[in-house]
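Sequence below, structure please.
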Amino acid sequence: MSRTLLKNASILDVDAGTLLEERDVLISDGKIAEIGERRLAATGAQVIDVKGKVLMPGLCDAHVHVIVPINSFLQLTKWSPFYTALRAMPVLEGMLMRGFTTVRDAGGADFGLARAVEEKLIPSPRILYSGKAISQTGGHGDMRGAGESAFDSHYYVPSLGRIADGVDAVRLAARDEIRRGASQVKLMVGGGIASYTDPIHFVQFSGEEIRAAVEEAENAGKYVMAHAYTARCIQHAVRNGVRSIEHGNFLDDETAILMKERDAILVPTLVAYTTMWEEGLQIGMPPELHAKIKYVLDIGSTQLEVAQRHGVKMVYGTDLIGPIHRHQSMEFKIRGEVLPTIEVIRSATSYAAELFQMEDQIGKVKTGLRADLLVVDGNPLDDLNALQDPSKLSLIMKDGDIYRNTL
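Residues are numbered from 1 along each chain as shown. From the prediction side, this is the model:
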């Protein structure tokens with residue numbers, strides 16, 4: 001049983017939004033075993049002097065695509081799954097080195113990649129995978145152009161999604177992803193940027209189809225996350241039981257009130273539009289898809305203000321692909337310009353843990369939880385730049401294993 005003693009830490013209490021100074025933290029067998037105001041002693045433990053720096057929970061990103069190191073979901077379908085997995089490795093390590101210890105994959109990653117991470121074969125955040133996102137024909141998970149007919153439905157073709165039409169087919173697809181170990185079911189309930197034949201305002205799936213997926217997820221103790229930009233798409237999803245709304249750029253007051261009433265959670269991904277608008281064409285994004293970005297970019301951060309005003313809980317998400325994965329931490333800056341700093345921090349820690357149904361495992365520095373911990377140079381409560389700059393992370397720990405230590 002491995003043990004590590006972190007001495008003289010200032011613990012960031014994400015619930016209170018304050019620092020608890022001069023604490024020792026004992027890590028035993030991958031969990032936080034003890035937190036002491038008095039000095040702790042642990043015979044045989046590795047001792048690390050935190051030197052009064054801030055100790056906080058590992059970060060969470062609730063919307064990633066870890067198997068997409070290029071700027072094309074369509075090109076991805078022509079790759080070998082073995083090659084895809086190898087290309088995913090530096091993407092995953094990059095996330096971990098930015099302090100993200102848990103990520104929720106929104107389409108593409110599977111049980112094999114998650115198992116490799118669980119067995120510590122590669123340095124990576126913990127992966128909560130959806131498997132393949134479920135899309136209707138012509139929906140956001142259908143990457144065919146208007147002149148194409150064939151869709152390779154073989155499950156091991158690397159891709160964002162799978163197609164299912166009708167209640168029975170959606171129910172079967174949801175059951176199949178759950179059978180493969182998905183932590184949550186992903187639905188495409190509206191148009192998107194990366195697909196060719198569905199404008200963003202398109203509403204996708206019938207209410208009956210959405211409810212079928214929700215029922216299957218809830219029967220398995222899981223939930224549904226749904227891709228939705230417009231207020232109409234969001235309402236369509238939430239009224240039919242969806243718990244997690246992805247993107248949600250066109251959230252309005254009426255829709256926010258509905259989300260609050262139904263305890264639905266919003267996962268904005270604003271950094272994706274900023275960076276893709278600036279760099280998309282340079283890294284090979286087709287012009288017809290790049291043009292779609294302007295529609296969602298112009299609404300800017302208004303959704304943050306609307307959600308905050310009505311008490312809708314927001315969780316950190318990025319939705320980056322290809323070379324722009326490197327901008328993962330920029331979402332802190334974008335949100336910090338609108339929201340209280342502690343709310344931005346909670347979105348990537350305790351609120352994310354609640355969404356993931358992992359409150360008893362991650363999201364806080366608390367006895368009994370997993371030892372997913374960061375030591376930060378600077379106080380994130382005063383300056384979110386401490387989380388935007390990976391060089392300011394002196395210690396990165398996941399499940400008690402140390403992946404960086406410059407103390």
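
check which helix or strand covers the residue most central in space within the chain.
The centroid of the chain falls nearest to A62 when counting by C-alpha atoms, centre = their mean (1.7 Å). A62 is part of strand 59-64, with elements assigned from DSSP states H and E.

How far does that strand sit from its chain's centre?
2 Å (C-alpha atoms, centre = their mean, to the nearest Å).

which helices and strands sit right next to that strand?
strand 100-105, helix 350-355 (3 or more C-beta pairs under 8 Å, 6 or more residues apart in numbering; DSSP states H and E). No exception for glycine: its C-beta is placed from N, CA and C like everyone else's.

what's L407 in contact with, if anything?
I48, D49, V50, K51, K53, V375, S394, L395 (C-beta atoms under 8 Å, 6 or more residues apart in numbering).

again, 6 Å this time
I48, S394 (C-beta atoms under 6 Å, 6 or more residues apart in numbering).

Okay, it and M397: tell me how far apart.
11 Å (C-beta to C-beta, to the nearest Å).

for G190, same thing?
38 Å.

Which one's more surrounded, the two?
Using other C-beta atoms under 10 Å, the more surrounded residue of G190 and M397 is G190, with 29 against 24.

is that one in a bridge, and if so with what?
Beta-bridge pairing for G190 (DSSP bridges): V203.

How many residues are close by the nearest residue to S159 once chain neighbours are set aside?
Using C-beta to C-beta, 6 or more residues apart in numbering and skipping residues adjacent in sequence, the residue nearest S159 is T77, 4.9 Å away. For T77, the neighbour count with other C-beta under 10 Å is 16.

surely T77 meets R162?
No - T77 is beyond contact range of R162, at 11.6 Å (criterion: C-beta atoms under 6 Å).

quick one, longest helix in the chain?
helix 81-97 (DSSP state H).

Mind listing what's buried along that one?
By neighbour count with 16 or more other C-beta atoms under 10 Å, helix 81-97 contains the buried residues P81, T84, A85, R87, A88, M89, V91, L92, G94, M95, L96.

List just the nearest of those residues to L40.
L96 (27.2 Å; C-beta to C-beta).

what number of residues lie near T137?
13.

With the one 5 residues further on instead?
The local packing count at D142 equals 22, with neighbours defined by other C-beta under 10 Å.

Check which helix or strand it maps to.
Short version, using DSSP H and E: D142 is in no helix or strand.

hmm, back to that, which one of the buried residues of helix 81-97 is nearest M225?
M95 (18.6 Å).

With the flanking residues excluded, which residue is spatially nearest to the closest one?
In space, M95 is closest to P125, 5.2 Å off (C-beta to C-beta, 6+ apart).

from memory that neighbour sits against G94, does it?
No - between P125 and G94 there is no contact under C-beta under 6 Å: 10.0 Å.

Need the contact partners of the longest helix of the chain.
Contacts for helix 81-97 (C-beta under 6 Å, 6+ apart): V66, I67, P69, I122, P123, S124, P125, Y156, P158, H325, P390, Y403.

cutoff 7 Å now
61, 66-67, 69, 76, 103, 113, 122-125, 156, 158, 325-326, 328, 390, 396, 403-404 (C-beta atoms under 7 Å, 6 or more residues apart in numbering).

Please flag which of those sit within helices.
L76, L113.

Name the nearest residue to S350, sequence neighbours excluded.
S350's closest residue in space is G363 (C-beta to C-beta, 6+ apart), at 4.3 Å.

Distance of that neighbour relative to R335?
Using C-beta to C-beta, G363 is found at 17 Å from R335.

follow-up on the earlier one: and the longest helix of the chain with strand 100-105, angle?
Going by axes from the mean of the first three to the mean of the last three C-alpha atoms, to 10 degrees, helix 81-97 is angled at 140 degrees with respect to strand 100-105.

And the average pLDDT for helix 81-97 is what?
Average pLDDT, helix 81-97: 97.

Alpha carbons only: can I get it in CSV?
Listed next in CSV are the C-alpha coordinates belonging to helix 81-97 (Å, rounded to 0.1, in the frame of the first residue of the first chain):
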residue,chain,number,x,y,z
PRO,A,81,-8.6,1.8,-34.9
PHE,A,82,-5.1,0.8,-33.8
TYR,A,83,-3.6,3.9,-35.4
THR,A,84,-6.4,6.0,-33.9
ALA,A,85,-5.6,4.8,-30.4
LEU,A,86,-1.9,5.5,-30.8
ARG,A,87,-2.7,9.0,-32.1
ALA,A,88,-5.0,9.5,-29.0
MET,A,89,-2.1,8.9,-26.6
PRO,A,90,-0.4,12.3,-26.8
VAL,A,91,-3.8,14.0,-26.7
LEU,A,92,-4.6,12.3,-23.5
GLU,A,93,-1.3,13.0,-21.9
GLY,A,94,-1.6,16.6,-22.8
MET,A,95,-4.9,16.8,-21.0
LEU,A,96,-3.4,15.3,-17.9
MET,A,97,-0.4,17.6,-18.0
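
and the next element down the chain from the worst-scoring helix or strand of the chain on mean pLDDT?
Here the helix or strand of the chain ranked lowest by mean pLDDT, DSSP states H and E is helix 287-297, holding a mean of 81. Of the helices and strands lying after helix 287-297 in sequence (DSSP H and E), the nearest is helix 302-309.

Any chance you could list what contacts that next one?
G248, N249, L251, D252, D253, A256, L266, P268, M314, R335, V338, L339.

and if you look at stretch 42-52?
Counting by C-beta under 7 Å, 6+ apart, R3, T4, L5, L6, K7, N8, A9, S10, L26, V375, N405, L407 sit against stretch 42-52.
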